[in-house]
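1. sharing a model prediction with you, sequence too.
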Amino acid sequence: MAKSKRTVLRSSAGKKLYAVRDKGGKFKDIQSYARAHAADIKRGTTTGEATAKVARKKKSKAAKKSVAKKSAPKKAAVKKAPAKKK
């Protein structure tokens with residue numbers, strides 16, 4: 001089953017709306033953006049979960065690299081003695 005396309009519109013009152021179109025491109029249903037978006041987030045997607053896992057892996061690899069860099073010994077800063085005035 002093909003998913004219907006949704007277009008984001010604004011009502012005359014200024015509310016954000018989703019206009020659901022059928023395959024022909026005509027408006028089939030109009031939903032409030034807030035409710036439809038919340039339902040989308042609650043339902044979740046397999047691609048969204050997959051991209052989240054990839055992002056977490058990248059983040060953990062970066063954290064491991066930064067820990068490895070931090071563990072290298074640092075050289076002590078050499079302080080110069082102030083010049084004596086005559």
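-> Received, thanks.
2. quick one: the strands in this structure, in order.
-> 6-10, 16-21, 27-32 (DSSP state E).
3. out of the helices and strands in this protein, which is least certain?
-> helix 46-70 (a mean of 68; mean pLDDT, DSSP states H and E).
4. deepest of the strands of the chain, which one?
-> strand 16-21 (a mean of 16; mean count of other CB atoms under 10 Å). C-beta here means a position set from N, CA and C on the backbone, and glycine is covered the same way.
5. tell me the angle of that strand relative to strand 27-32?
-> Orientation of strand 16-21 against strand 27-32 (axes from the mean of the first three to the mean of the last three CA atoms, to 10 degrees) gives an angle of 160 degrees.
6. given strand 16-21, what are its sheet partners and their directions?
-> According to DSSP bridges, strand 16-21 forms sheet pairs with strand 6-10 (antiparallel), strand 27-32 (antiparallel).
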